[in-house]
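In: no sequence on this one, just coordinates:
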């Protein structure tokens, strides 16, 4: 019987998450003999500019549930407004390389997390390519090799971004939410990007505060979702959450997944296990999901 795989995808959104959350995650993963894919924000931390999301449907409700100030810190929430945004890639290049050297996969999350998440859906192909090229150039500067994977900030994409992933030579990406690997196509069935490994499980910030779930018991809910799964899973965690205040919750998840028989590994290992010649083609759509404000990229209908 084949050991089921659970791919761990770490989104690193902020400077604080990089310098504090990432080292804690490295130690935790090492303790559990697990590997993960770390996706870095490579340019300025402008987290404070997210304040304009206050007008987005459901945003204030999510903030009240998930203790944003506790998780991110007051100083981080001022970057890009009252305080200049620190250049994460410039300041933390050595730390980023240490993640690779510890045996984990590294890739691109974005150049500027807030700029991408709040703008890309409505932006032009030229704007999109400039943002992705800046991130790709910085990645190559830090690691000495081109990036091979990408995971969109906030699961926000447009059609040009999928095309740019092919242009930049990525092997695969994990840009949206869904149920299984697929090839992204447009409304006419034309292939528009590289293979996608969507996030298949809900994130902690989508679950905490709903139906009595808290940091103390949300791991049991997630473990219930994976108990009888018949295919590989992709779980997205955040350096600012699981790498900090929710580290105990994440450790219980790691222990539980190992007890369920999962191999905890990188998205690349999952990608390499696939027969890419038979991947289904799916349209990509923008829609809402429970527990998260706004719309995001979802695996849409299969193209036949």
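Out: Perfect, I can see it now. As the structure is a computational prediction, the values presented were derived from the model and not from experiment.
In: any idea how far stretch 165-179 is from the chain center?
Out: Relative to the centre of its chain, stretch 165-179 is centred 12 Å away, using Cα atoms, centre = their mean, to the nearest Å.
In: So what would you say the end-to-end distance of that stretch is?
Out: 21 Å (Cα to Cα, to the nearest Å).
In: Can you name the residues in contact with it?
Out: 9, 37, 129, 132-133, 136, 146-152, 155, 157, 161-162, 193-200, 234, 236, 267-268, 271, 282, 284, 289, 296-299 (Cβ atoms under 8 Å, 6 or more residues apart in numbering). For the C-beta atoms, the positions are set from N, CA and C on the backbone; glycine is no exception.
In: how about that stretch: buried residues?
Out: By neighbour count on 16 or more other Cβ atoms under 10 Å, the buried set for stretch 165-179 is 165, 168, 170, 171, 172, 173, 174, 175, 176, 177, 178.
In: By mean pLDDT, which helix or strand of the protein comes out lowest?
Out: helix 59-66 (a mean of 46; mean pLDDT, DSSP states H and E).
In: quick one, helices of the chain?
Out: 15-16, 22-31, 59-66, 68-72, 88-91, 93-101, 113-119, 125-143, 159-167, 204-207, 218-226, 247-259, 267-272 (DSSP state H).
In: looking at these, which has the lowest confidence?
Out: Ranked by mean pLDDT, the helices of the chain bottom out at helix 59-66, with a mean of 46.
In: one step back: now the buried residues of stretch 165-179 in JSON lines, with distance to residue 252?
Out: Shown next, in JSON lines, are those (distance: Cβ to Cβ, whole Å):
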{"residue": "165", "distance to residue 252": "34"}
{"residue": "168", "distance to residue 252": "37"}
{"residue": "170", "distance to residue 252": "33"}
{"residue": "171", "distance to residue 252": "32"}
{"residue": "172", "distance to residue 252": "29"}
{"residue": "173", "distance to residue 252": "29"}
{"residue": "174", "distance to residue 252": "24"}
{"residue": "175", "distance to residue 252": "28"}
{"residue": "176", "distance to residue 252": "27"}
{"residue": "177", "distance to residue 252": "23"}
{"residue": "178", "distance to residue 252": "26"}
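In: and of those residues, the nearest to residue 26?
Out: residue 174 (20.1 Å; Cβ to Cβ).
In: For the closest one, give its distance to residue 87.
Out: 25 Å (Cβ to Cβ, to the nearest Å).
In: Same check on residue 145?
Out: 21 Å.
In: Which of those two has more residues huddled nearby?
Out: residue 87 (14 against 10; other Cβ atoms under 10 Å).
In: Counting neighbours, what do you get for the residue nearest to that one when sequence neighbours are not counted?
Out: Distances taken as Cβ to Cβ, 6 or more residues apart in numbering place residue 44 nearest to residue 87, at 5.5 Å, with adjacent residues excluded. Neighbourhood size, residue 44 [other Cβ under 10 Å]: 21.
In: pretty sure residue 44 contacts residue 90?
Out: No - the pair residue 44 / residue 90 is not scored as a contact, 9.3 Å apart, by Cβ atoms under 8 Å.
In: okay, now residue 275: neighbour count?
Out: By other Cβ under 10 Å, 7 other residues sit near residue 275.
In: now swap in residue 221 and tell me
Out: 16.
In: Which residues are in contact with it?
Out: 207, 213.
In: out of the contacts of stretch 165-179, which are buried?
Out: By neighbour count, with 16+ other Cβ under 10 Å, these hold 9, 37, 129, 132, 136, 147-152, 155, 157, 161-162, 193-200, 234, 236, 267-268, 271, 282, 284, 296-299 as buried.
In: Filter those residues down to the ones in strands?
Out: 9, 37, 149, 150, 234, 236, 282, 284, 296, 297, 298, 299 (DSSP state E).
In: Let's have those in TSV, adding distance to residue 249.
Out: Formatted as TSV, these follow (distance: Cβ to Cβ, whole Å):
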residue	distance to residue 249
9	17
37	20
149	26
150	27
234	18
236	14
282	32
284	31
296	23
297	26
298	26
299	27
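In: ok, residue 134 to residue 158 distance?
Out: From residue 134 to residue 158 the distance is 16 Å (Cβ to Cβ).
In: Which one's more surrounded, those two?
Out: residue 158 (21 against 16).
In: Residue 121 is in contact with that one, correct?
Out: Yes - with contact defined as Cβ under 8 Å, residue 158 reaches residue 121; the gap is 5.7 Å.
In: what number of residues lie near residue 20?
Out: So residue 20, with other Cβ under 10 Å, has 16 neighbours.
In: residues in contact with it?
Out: 243, 244.
In: From residue 92, how far off is it?
Out: 11 Å.
In: Would you mind confirming that residue 39 is in contact with residue 148?
Out: No - here residue 39 lies out of contact with residue 148, judged by Cβ under 8 Å, at a distance of 11.6 Å.
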